[in-house]
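[1] Turn this into a structure:
(chains A and B)
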Amino acid sequence: MTTSALIPARSTFPNGLVFLSKRTRTTPAVTINIAIRAGSECDPADAPGAMYLLSRLIDRGTATQSADDIAEALDSRGISLGITVTRHLFSFICTCLAEDFQDVMSLVGDIVLAPSLPEAQLATRKGEVITMLRQDEDNPGVRATETLMEMLYPAPHSYGRRAKGTIDVIERLTRDRLADLHARRFAPCETSIVTVGDVDPDESRAAVERVFGGWAVPPPPAPPVLPATPAMSRRRVDIPMMNKAQADIAYGFVTLRRTDPDYYACWLMNHAFGQYSMSGRLGDSIRERQGMAYYAYSSLDANIMEGPLLIRAGVSGTNIDRAVGSIDQEIATLVAGGLTQKELDDSRRFLIYAMPRALETNAGIANYLQTAEFFDLGLDYDERIPELLRGVTLEHANAMARKYLSVDRATVVTAGPYRRDATSALP
Amino acid sequence: MLRRATLDNGLTVLVQEEHTAPLASVWCWYKVGSKDERAGLTGVSHWVEHMNFKGTTNIPRDQVKGIIEQFGGSWNGYTWIDQTTYLETATKDALDRMLFIESERMANGLYHPDDCESERTVIISELHGGENDPDQFLDQEVVATAFKAHPYGHPTIGWLADLKTMTRDDLYGYYQQWYAPNNASLVVVGDVDADDVVRRAEHHFGTIASRTIPLRQTTVEPEQTGERRVTIRKPGTTAYLKVAYHAPAVDDPQFYPLLVLDAALTGAYGLNLWSSFRTPPPQRSTRLYRALVGRGFASAVSGSLMPTQLPFVYIISATATHGVPLGEVERVMLDELAGVARGGITPAELAKAKSQLNARLVFENDSVTNIAHQIGYFETIAGVDVFANFRPRIAAVTLEQVADAARELLTESNRTVGWFDPLPVENAAGI
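    Model prediction:
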């Protein structure tokens, strides 16, 4: 067995902030990954996209540094600071040279703790986000996926909202509203900081304590955890985009939570179905055997709440119905006959042996440690994964297909150069 | 330490030991890309790459999957203007399997007619997927406009008409012409013993005969003598601008000052086509970011100066902020470029650009896959020493050299301007 034992250093500060660190010496560099439980689920009900707009503005000035000062400090060290908002997390991620670690931790800390959110920058950042929203409107993949998520997770569920919001909401958001969100949702007890690279964990911990140790904000109220109800019947929406050369299909189901005991069985089922090698059974059918698409795959996003299993394919407008029919066929076959033992074993072996590759780079390790922390998987999770996957039986994996996948309960969205003939039967 | 060996059949073997993880990355590089294609066969290099995942004499079609996956490995390949490459990265105990796969790919591809036909539609789907993105579509049109004669002008994926008419014989003939050990480099990086890898390479590849490689096309792109423009008007929601300048090849001394200039204008992306270009560069203090994004004219700006074997183009791209006319974005961009062409960059900009480029050189060497890519990429286009010498070459760049590069290259007569000027979209959702 070739899994690595990461054994990161972990501690919790008195203010509730969690710190994790792993020393590696591959390159003289360090990855800093800061995750705060302030993702788009924390958007106010009347302001979807607020957290996303905050992410575009938050590094444009602090109490002591201007936007230009920050840009200069990052650029002069060759650092690209990535600030992302997912459903649950607001993240700050960068890689710096080891020699710059202390200064960069101070700088990123200043951005996290004391952003000035300058009014002068807000209008420009709104313009950027509105342009991105306009680009999304012209992107069949985004249109299909966002529409599917809205249908799988109707309001008030946060998974169905567009993370970037809408143009009218973005236009209305004020600096004070964003500042209030930052003040209420950014808190040490909601934060985990990971450093991976050529820095001693004790030294790293001291740096984090220096910057974040005095951070005191009361715990914010927990975001609501809402149930998601699986569809009871088949639904299909077609979005004509006649200016496009190719169509995108998004086809999906509500599945399970990451903490569900069935998770590993569902993970393996999905991997064999739509990921293994060139996208599992789906890729075999739609790309390899039928030559219909450049891509066709499935993905499982089990999360805090019941996440989706999404099937995606990009096909010619003339092949949409045929491709949807093929996906139906593959699902029906999987549900009726299940995976074979060989398919399950192949996926299991791949996932176990792929661990060293996933944990090769500083960024990869940092991402893994944040995931393990977020789902409370334990410091030895990398060593337990093989055992957890080996515990999945063929019957268990196939039961997941029967439980979550059904042609009759699928939600299907297409977007692209296609108009359905009103008289035609729907696949 | 890089170990170099040449087998009797001409195959170059490059091995670097990296004992940081129990992994090995194997890449096989071929000196053939879309610049080697003739009219009527555009896209053949890329299609051949696809066919080389469809089984060989000793790896039946239905057994291609699983060989590397059972070692937790990933595999892939890509084709561009100068090269075609294939890779596997897996636990080190898969080394022999990876070498076996690459030896099979070099000599024993099947090219079953049914697979050729099936892949035709896959590739056309890939082309259409790219055309869905107006930015990518504009990029293709700008490059095609910038080149009148040289085959760098056509897209690597090919023109649709050629993809519709190419035959199995065209594909197999191209494969037989160019896939030979004396036109390839095998790169292995990872937790391996270099001498052992060379022995294994000899075992797997030693019996493959060398062959005469076709004469390369010798067309030289004539000097551009006036600004060229291309405007695409198609339905869309967003306007895009691209400005392209003919630029030096990687082995031209002027490449390095231009690399520094690009870092000062748009931020240093780095030099790893496989990894760095997936990460945005540090750029908020750069001239074009400040002028265009900082002042609200554009929502994004980027530069693309790629290391290539022959002179290609340096492309600067901007996405117009919604409501800002493209002409305004172009005016601001060209004003900034004119300023740098007149006065060069400042000492502070020079120092910052060098710091960025050096940091990127560190960041993009963080995995056996990335290290192996860099060795193979540069060996294929100019020799691996070019890559090894990047740091001192960048350090040696002077303000005067950057100013000279800006003055000589950023001229009106050397540029091609492309607009994607969107027409209104009539799209309605229906249930």
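[2] Which positions in the stretch 201-350 of chain A make contact with chain B?
    Contact residues, the stretch 201-350 of chain A versus chain B (CB under 8 Å from any CB of the partner chain): A:236-246, A:276-278, A:287-295, A:314-316, A:346, A:349-350. Yep, even glycine has a C-beta here, placed from its N, CA and C like the rest.
[3] Pull out the buried residues from those residues.
    Neighbour counting with 16 or more other CB atoms under 10 Å in any protein chain shown marks A:236-241, A:243-246, A:276-278, A:287-288, A:290-295, A:314-316, A:346, A:349-350 as buried within those.
[4] Among the residues of the stretch 201-350 of chain A next to chain B, which lie within strands?
    A:236, A:237, A:238, A:239, A:240, A:293, A:294, A:295, A:314, A:315 (DSSP state E).
[5] Out of those residues, which is nearest to chain B?
    Proximity of those to chain B was ranked by CB to the nearest CB; the top entry is residue A:294 with 4.0 Å.
[6] Could you check how far the closest one is from residue A:278?
    11 Å (CB to CB, to the nearest Å).
[7] Name all residues that make contact with residue B:375.
    B:2, B:14, B:16, B:187, B:189, B:384, B:387 (CB atoms under 8 Å, 6 or more residues apart in numbering or on different chains).
[8] Could you find the closest non-adjacent residue to the fifth one?
    When the adjacent residues along the chain are set aside, residue B:189 lies closest to residue B:372, with 3.9 Å between them (CB to CB, 6 or more residues apart in numbering or on different chains).
[9] Quick one: name whatever helix or strand follows the host helix or strand of the one you found.
    For residue B:372, the host element (DSSP states H and E) is helix B:368-381. From helix B:368-381 onward toward the C-terminus, using DSSP H and E, the following helix or strand is helix B:384-388.
[10] in that following helix, what counts as buried?
    In helix B:384-388, counting by 16+ other CB under 10 Å, buried: B:384, B:386, B:387.
[11] ok so, going back, how about JSON lines for the ones in strands among the residues of the stretch 201-350 of chain A next to chain B, with pLDDT added?
    Compiled in JSON lines, these are given as follows (pLDDT from 0 to 100):
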{"residue": "A:236", "pLDDT": "97"}
{"residue": "A:237", "pLDDT": "97"}
{"residue": "A:238", "pLDDT": "96"}
{"residue": "A:239", "pLDDT": "96"}
{"residue": "A:240", "pLDDT": "95"}
{"residue": "A:293", "pLDDT": "87"}
{"residue": "A:294", "pLDDT": "87"}
{"residue": "A:295", "pLDDT": "91"}
{"residue": "A:314", "pLDDT": "94"}
{"residue": "A:315", "pLDDT": "93"}
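[12] if we can go back for a sec, for residue A:294 and residue A:278, list the residues in contact with both.
    Joint contacts of residue A:294 and residue A:278 (CB under 8 Å, 6+ apart) are residue A:287.
[13] got the contact list for residue B:215?
    Contacts of residue B:215 (CB under 8 Å, 6+ apart): none.
[14] Next, count neighbours for the residue in the stretch 51-200 of chain A positioned nearest to chain B.
    Here the stretch 51-200 of chain A gets closest to chain B at one residue, residue A:78, 2.7 Å apart by CB to the nearest CB. Neighbourhood size, residue A:78 [other CB atoms under 10 Å in any protein chain shown]: 29.
[15] quick one on the thing from earlier: which one of the ones in strands among the residues of the stretch 201-350 of chain A next to chain B is nearest residue A:377?
    residue A:295 (29.9 Å; CB to CB).
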